[in-house]
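>>> Mind looking at a prediction? Sequence and model below.
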Amino acid sequence: EEFLTEEFIEKVINLEFIGFLFLPVFVDGNHWILMVVSFNQKTIFIVDSHSTKQVSDHTFLARVLLKFLTYKASKLKDVNELNIDENKWTIVMLPCVQQNDGFSCGIYVIMNAAKIMNQIRSDASIFQFELKHVENPLG
């Protein structure tokens with residue numbers, strides 16, 4: 001069964017329902033990153049705790065996600081209310097705490113997502129901060 005159904009996408013894109021979509025993404029068969037879609041800011045934020053990866057790799061994945069959301073939005077009944085024009089969106093690498101090993105990326109995805117959610121709760125204009133100030137959970 002498809003997780004990202006048209007009904008789900010319609011609810012996500014309806015800005016009164018939700019402004020953000022958090023997506024943990026498994027890349028290269030061995031690493032987790034976090035993508036945060038901000039519908040209000042028309043931005044996809046990429047959070048990577050192991051920054052040895054090429055930015056272009058993650059940018060490509062974000063563009064694929066944006067094309068997918070655009071495609072799904074075009075299939076909805078009331079397209080006029082949806083405002084996903086991929087040319088007006090930006091993709092930003094968000095600085096964050098860097099892991100010092102090769103296996104704790106999943107923990108960092110959770111930790112960084114929690115930090116972002118706390119910031120959203122206190123101030124809807126998120127990403128006016130840097131995640132590098134988060135304490136390292138592994139010492």
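Cool, got the structure. This structure is a prediction, so every number in the text was calculated from the model and none was measured.

>>> ok, then the element right after the lengthiest helix in the chain?
Counting by DSSP state H, the longest helix found in the chain is helix 55-74. Downstream of helix 55-74, the first helix or strand assigned by DSSP states H and E is strand 90-93.

>>> What is the burial count for Ile116?
The local packing of Ile116 (other C-beta atoms under 10 Å) involves 24 other residues. All C-beta atoms are positioned from the backbone trio N, CA, C, and that covers glycine.

>>> An error on my part: the question was meant for Gly29.
5.

>>> In three-state terms, how would it be classified?
Put simply, Gly29 is coil when judged by DSSP: H, G, I helix; E, B strand; the rest coil.

>>> Just the pLDDT for it.
Note on Gly29: pLDDT of 92.

>>> again with the one 4 residues further on
According to the per-residue confidence, Ile33 scores 94 in pLDDT.

>>> Next, work out how far apart it and Asn40 are.
22 Å (C-beta to C-beta, to the nearest Å).
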